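take a look and give me a structure for this.
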Amino acid sequence: MKAKFIMLFVLFTSIFVGCKDEKSVDELKVKESTVETDGFKINFRAVVNEDDEFHLFYTEDGSDAFNGENLLKVQKKSAKTPQDITFIFPEDAAPMNIRLDLGNNEKQGVVKFDEMILEYKGKKFQVEGAKIFKYFFPNNFVEFDTINSQAKIKVLPETHYDPIMVANDEMKLEIQKLYKK
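Modelled structure (predicted):
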């Protein structure tokens, strides 16, 4: 009887003492982390009218042979104000050519660009507004409106929806400049 009493006493003591300072999950502080990298990074500041997923394909040989192995994706919610669409490359990636896919949402209609920044090891290349379009050529789904700094996206009948902007030779030169010491 005495042994049962001692066991119950130890059990209850450990329960009450062990749980007195625990906090609920909602009370715990969340440590926010920001991704800092010396590797290659591209940021487009743009107004996105519909929820969408943006893709950035890249090649390391400068060719236009884009594939799913060198692909970065960014989800964005719709907003009436400009937001960052940031693509952070793997540390060992050395892109020489890029292709921006302007989403999968056929309701997107327009993406208004405010700025584009390419960064690598502390070096930057920055372009604002419609000057961004000087560094890309669009496919049939995209029309550049240089007056309003917009990429107007079209839906073409009986065609797979795929609005893209591919880097031109001027952009490839700017990318190369970032690698030079």
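
any idea what the nearest residue to Thr81 once chain neighbours are set aside is bridged to?
Distance criterion CB to CB, 6 or more residues apart in numbering; nearest residue to Thr81, sequence neighbours excluded, is Val47 at 6.8 Å. Where C-beta positions appear, they are placed from N, C-alpha and C, glycine not excepted. Per DSSP bridges, the residues bridged to Val47 are Lys112.

give me the pLDDT for Val47.
Listed pLDDT for Val47 reads 97.

is it true that it touches Gln108?
No - using CB atoms under 8 Å, Val47 is not in contact with Gln108; the gap is 10.8 Å.

comparing these two, which residue is more hemmed in?
Applying other CB atoms under 10 Å to Val47 and Gln108 shows that Gln108 carries more neighbours, namely 22 against 17.

who's in contact with that one?
48-50, 52, 102, 153, 163 (CB atoms under 8 Å, 6 or more residues apart in numbering).

which stretches of the chain have low pLDDT?
Low-confidence segments of the chain (pLDDT under 70): 1-37.

quick one: the strands in it?
Here the chain has its strands, by DSSP state E, at 41-48, 52-59, 71-76, 83-88, 97-101, 110-120, 123-128, 136-138, 142-145, 150-153, 164-167.
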